[in-house]
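Q: I need the structure of the sequence given here:
(one chain, ligands or ions: 1)
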Amino acid sequence: MSGHFMEHNHVTIIGAGLAGLAAARDLHRAGWPTTVLEARLRVGGRAYTFRDGFAEGQYAEAGGEFIEDIHGRMLALVQEYGLSLDPVRGMGEWTRRLALSGKHGEADETALWGFDLAAEIEQVWRALATLGTAVPDPTQPLTAPRATELDRQSAADWLAALPLHPFTKQTITARLRSEYLAEPEQLSLLELARWGSLYYSDPTDEGASFRVRGGVDQIPRLMAAELPDVRLGAMVTAVQQHPSGATVTFQQNGQTHTLETAYVVLAVPPGPARQISFDPPLPAAHQAMFNGLNCGPLTKVIIQYRRRFWEDWQWRGSLLTDLPITCAWQPTMTQPGESGILTVYTGAKAGADFSAMSERERIETAVSQLDQLFPGSAALVSHTRTMAWLNEPFTQGGYALFQPGDVTAHWATLRQPAGRVYVAGEHTAVHQGYMEGAVESGQRVAKQIQEQRS
Ligand SMILES: Cc1cc2nc3c(=O)[nH]c(=O)nc-3n(C[C@H](O)[C@H](O)[C@H](O)COP(=O)(O)OP(=O)(O)OC[C@H]3O[C@@H](n4cnc5c(N)ncnc54)[C@H](O)[C@@H]3O)c2cc1C
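A: Predicted structure coming up:
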C-alpha cells in the first residue's frame with residue numbers, strides 16, 4: 001500500500017468521462033488541486049470514436065454522437081477547442097424511412113401504408129408536446145402537479161390511449177426503444193412528459209443536430225490535456241470518509257494505492273458505482289438510488305460498405321423498423337469517400353438480445369437484416385465493428401433509464417452529496433442521456449464543492 005498526503009482542498013474525481021472531466025476542469029481552473037482516476041486506458045468513457053480499420057479515413061461514433069442545437073455546454077466546448085461541427089438533418093429524419101410488418105418505404109407513401117402515416121406521426125409529436133405541458137418546469141419534474149400519478153404510469157399507457165393505426169404505434173415504439181432504451185411499459189410517463197416539455201414542446205420545430213467533425217473523442221482528450229493529474233488504468237474500489245476528508249483506494253498496474261483527499265466526485269454510471277465499497281456506507285437514499293437505477297441495454301454495429309448503395313434507393317441512411325435492429329443511420333453523410341458507413345443502433349429488449357450474442361453473431365445479424373431490406377448490400381461490406389455497452393464493466397448499459405416510480409424515488413437524491421462524495425454523470429442531469437447532461441452534471445458538482453468551501 002502506498003499512501004499520499006494531499007492538500008486540504010484536494011478533489012479526487014472518479015471517472016474520466018465528460019462528467020468527471022468537466023468537474024475536474026472547472027475545479028482546476030478555479031485553482032483547486034485535482035486528481036482524476038480512470039479505470040480504462042483511455043479518457044472519454046461513452047464519448048468514444050471508432051477509427052481503426054475503416055477505409056478512406058472514415059470513422060464512426062461508438063457512443064455519444066449527436067449534439068442538439070439546445071446543448072449549449074457541448075457547443076461551447078466545441079467552439080472553445082476550435083473543433084468543427086457537421087450538421088445533421090432535424091428530428092423528422094428519424095421517422096422518414098420505415099420498415100414495418102414487411103412493408104418498407106417513406107412515411108408519406110400513403111398508397112404503401114394504406115393511410116397517411118406521416119400525418120399520424122405528426123399527430124404523435126403534437127400529443128407529446130401536450131403531454132409535456134404536464135411538466136411546466138422540466139428541470140424540476142417533482143414540482144409537476146400530477147408528478148406522482150404520472151410517474152406511476154408508463155409510456156405504454158399514454159400510447160394505448162392515443163387513437164393511432166398499428167403502424168404508427170410500431171413507429172413510435174421503435175422510436176421510444178432507440179431514444180430511451182426502454183420498452184414503452186418500462187419508461188416512466190413522468191419522464192416522457194419531462195422530455196415532451198424539454199425537447200418536443202414545439203411540434204413544428206425539427207431542431208438541428210450536429211456531429212463533431214473528426215470524432216467526438218477529441219473533446220474529452222482536449223479536456224484531459226488541460227488537467228495536471230489524470231491517471232489511466234486506475235480502478236477505484238473503495239472510498240472511506242472521515243471527518244476531515246476521504247481515503248480513495250484504487251488498483252493500478254496490479255497494485256493497490258490510496259489517496260488522501262478532501263472531496264470526491266463520483267462520476268461513474270450506476271452499475272460501476274454499486275461495485276465501489278463505501279465506508280461508512282452511503283446514506284439509505286443513495287444506496288436505494290444506485291441499486292434502483294440502471295442504464296438501458298444498447299448496442300451499436302458499425303458497418304462500412306465499399307460503396308453507398310443507399311444512394312441507389314434514394315435513401316439517406318436513417319431508418320426505423322420493427323425488425324430487431326430497430327434503428328440505423330449514416331455517420332458518413334458528411335464524410336468524403338467512395339465507401340460509406342451505416343450505424344445500427346439497438347436498444348431496449350432487442351438491445352439486450354444483441355448484447356447476449358457474440359460480436360460476430362451480432363454483426364452478422366445486423367448485416368443480414370439490412371440485406372433483407374436492401375438486397376445485395378451484404379456483399380458490399382468491407383469492415384465492421386461493434387460495441388455492446390451493457391457488457392462493458394465500466395459502463396454497464398447505454399444511458400440511464402427511468403422506469404415507473406424512479407423519478408419520484410430518486411430525482412432529488414441524484415443531486416445531493418453523500419457527505420464528501422458528490423455524484424455526477426449523465427444519470428444525474430436535466431439533459432440526462434446526453435453528453436450535454438454529463439457536462440452539466442460535472443459543472444454542477446464543481447460549483448457545489450466550491451460553494452461548500454466559501
Ligand atoms: C451508444 C450510445 C449512443 C449515445 N448517443 C448519444 C448522442 O447521440 N448524443 C448525446 O449527447 N449522448 C449520447 N449518448 C450518451 C452519452 O454518451 C453519455 O451521456 C455521456 O457520454 C456520459 O458521460 P459520463 O461522464 O456521465 O459517463 P461515462 O462516459 O460513462 O464516464 C464514466 C467513466 O468512469 C469510468 N469508471 C467506471 N468505473 C470506474 C471505477 N471504478 N474507477 C475509475 N473509473 C471508473 C469509466 O471507465 C468512464 O470513463 C450515447 C451513449 C451511448 C452508449
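Q: what's the spacing between residue 125 and residue 161?
A: 16 Å (Cβ to Cβ, to the nearest Å). To be clear about C-beta, it is placed using only N, CA and C from the backbone, and glycine gets the same treatment.
Q: Please say which of these two ends up with more neighbours.
A: Shown here are residue 125 and residue 161; by other Cβ atoms under 10 Å, residue 125 has more neighbours (20 against 10).
Q: which residue sits closest to the more buried one in space, ignoring its chain neighbours?
A: Spatial nearest neighbour of residue 125, chain neighbours left out: residue 203 (4.1 Å); criterion: Cβ to Cβ, 6 or more residues apart in numbering.
Q: swap in residue 263?
A: Spatial nearest neighbour of residue 263, chain neighbours left out: residue 11 (4.6 Å); criterion: Cβ to Cβ, 6+ apart.
Q: could you list every residue that touches that neighbour?
A: By Cβ atoms under 8 Å, 6 or more residues apart in numbering, the contact set of residue 11 is 23-24, 27, 32-35, 261-265, 449.
Q: Give me the subset of the residues you listed lying in helices.
A: Judged by DSSP state H, helices contain the following of these: 23, 24, 27, 449.
Q: Enumerate the residues of the protein near the ligand.
A: Residues of the chain lying close to the ligand by Cβ under 6 Å from any ligand atom are 14-20, 37-40, 45-47, 63-66, 235-236, 267-269, 272, 276, 298, 300, 389, 394-395, 398-399, 425-426, 433-438.
Q: Report the residue spans of this protein with pLDDT below the cut-off.
A: For the chain, applying pLDDT under 70 flags the ranges 1-7, 90-91, 454.
Q: Repeat the analysis, applying 50 as the threshold.
A: Along the chain, segments meeting pLDDT under 50 span 1-5.
Q: Confirm that the residue nearest to residue 125 sits in a helix.
A: No: according to DSSP: H, G, I helix; E, B strand; the rest coil, the state of residue 203 is coil, so it is not within a helix.
Q: neighbours around it, how many?
A: Using other Cβ under 10 Å: residue 203 sits among 18 other residues.
Q: What of residue 106?
A: The number of residues packed near residue 106 is 16, by other Cβ under 10 Å.
Q: Now the residue nearest to residue 210 when sequence neighbours are not counted, what are its backbone angles?
A: Spatially, and ignoring its direct neighbours in sequence, residue 210 is nearest to residue 85 (3.9 Å; Cβ to Cβ, 6+ apart). Dihedral pair for residue 85: phi -110, psi 140, per degrees, to the nearest 10.
Q: show me what contacts residue 85?
A: Per Cβ under 8 Å, 6+ apart, neighbours of residue 85: 67, 75, 78, 210, 211, 212, 213.
Q: you'd agree the third one is up against residue 212?
A: This points to residue 78. Yes: shown here, residue 78 and residue 212 form a contact pair, counting by Cβ atoms under 8 Å, at 6.2 Å.
Q: overlap in contacts of those two?
A: Joint contacts of residue 78 and residue 212 (Cβ under 8 Å, 6+ apart) are 67, 84, 85, 219.
Q: Please, where are all the helices along the stretch 351-454 of the chain?
A: For the stretch 351-454 of the chain, the helices defined by DSSP state H, counting those that start in this stretch cover 359-373, 406-410, 435-453.
Q: picking that back up, can you tell me which of the contacts of residue 85 is closest to residue 373?
A: When the contacts of residue 85 are ranked by distance to residue 373 (Cβ to Cβ), residue 211 comes first, at 24.0 Å.
Q: Now do the SS call for the closest one.
A: Per three-state DSSP, the secondary structure class of residue 211 is strand.
Q: thinking it is in contact with residue 66, fair?
A: Yes: applying Cβ under 8 Å, one finds residue 211 in contact with residue 66, separated by 6.5 Å.
Q: Mind listing the shared neighbours of those two?
A: residue 88.
Q: Between those two, which is the more surrounded one?
A: Taking other Cβ under 10 Å, residue 211 and residue 66 do not tie; residue 211 has more neighbours (21 against 16).
Q: Give me the three-state assignment for the residue nearest to the more buried one when sequence neighbours are not counted.
A: Nearest residue to residue 211, sequence neighbours excluded (Cβ to Cβ, 6+ apart): residue 86, at 4.8 Å. Going by three-state DSSP, the secondary structure assigned to residue 86 is strand.
Q: can you list the domains in the protein?
A: If you go by automatic domain parsing, the domain ranges for the chain are 11-46+217-293+401-453, 49-90+208-216+295-391, 113-198.
Q: Mean neighbour count, the ones you listed: which tops it?
A: Burial of these is given as mean neighbour count (mean count of other Cβ atoms under 10 Å); domain 11-46+217-293+401-453 ranks first at a mean of 21.
Q: what about it, distance to the chain center?
A: Remark: domain 11-46+217-293+401-453 is offset 17 Å from the chain centroid, using Cα atoms, centre = their mean, to the nearest Å.
Q: Double-check residue 209 against residue 70; I have them as touching.
A: No: using Cβ under 8 Å, residue 209 is not in contact with residue 70, being 10.2 Å away.
Q: Please name the bridge partners of the residue in the stretch 101-250 of the chain that the ligand sits nearest to.
A: Here the stretch 101-250 of the chain gets closest to the ligand at one residue, residue 236, 3.7 Å apart by Cβ to the nearest ligand atom. Applying DSSP bridges to residue 236 gives these bridge partners: residue 250.
Q: any idea how far residue 14 is from it?
A: 5 Å.
Q: any residues in contact with both of the two?
A: Listed as contacting both residue 236 and residue 14 by Cβ under 8 Å, 6+ apart are 37, 248, 268, 276.
Q: From the residues you listed, pick the one nearest the ligand.
A: residue 268 (3.7 Å).
Q: which residues does the closest one contact?
A: 14, 15, 17, 20, 236, 276, 394, 425.
Q: now do 10 Å
A: Applying Cβ atoms under 10 Å, 6 or more residues apart in numbering to residue 268 gives the contacts 14-17, 19-20, 37-39, 45, 236, 274-276, 394-396, 423-425, 427.
Q: Which ones among these map onto strands?
A: Judged by DSSP state E, the subset of those located in strands is 14, 37, 236, 423.
Q: Now do the contacts for the third one.
A: Taking Cβ under 10 Å, 6+ apart as the contact definition, residue 236 lies against 12, 14-15, 37-39, 248-252, 257, 259, 264, 266, 268, 272-273, 275-277.
Q: The domains of the chain into JSON lines, with extra columns for distance to residue 102?
A: Converted to JSON lines, the domains of the chain look like this (distance: least, Cβ to Cβ, whole Å):
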{"stretch": "domain 11-46+217-293+401-453", "distance to residue 102": "30"}
{"stretch": "domain 49-90+208-216+295-391", "distance to residue 102": "9"}
{"stretch": "domain 113-198", "distance to residue 102": "11"}
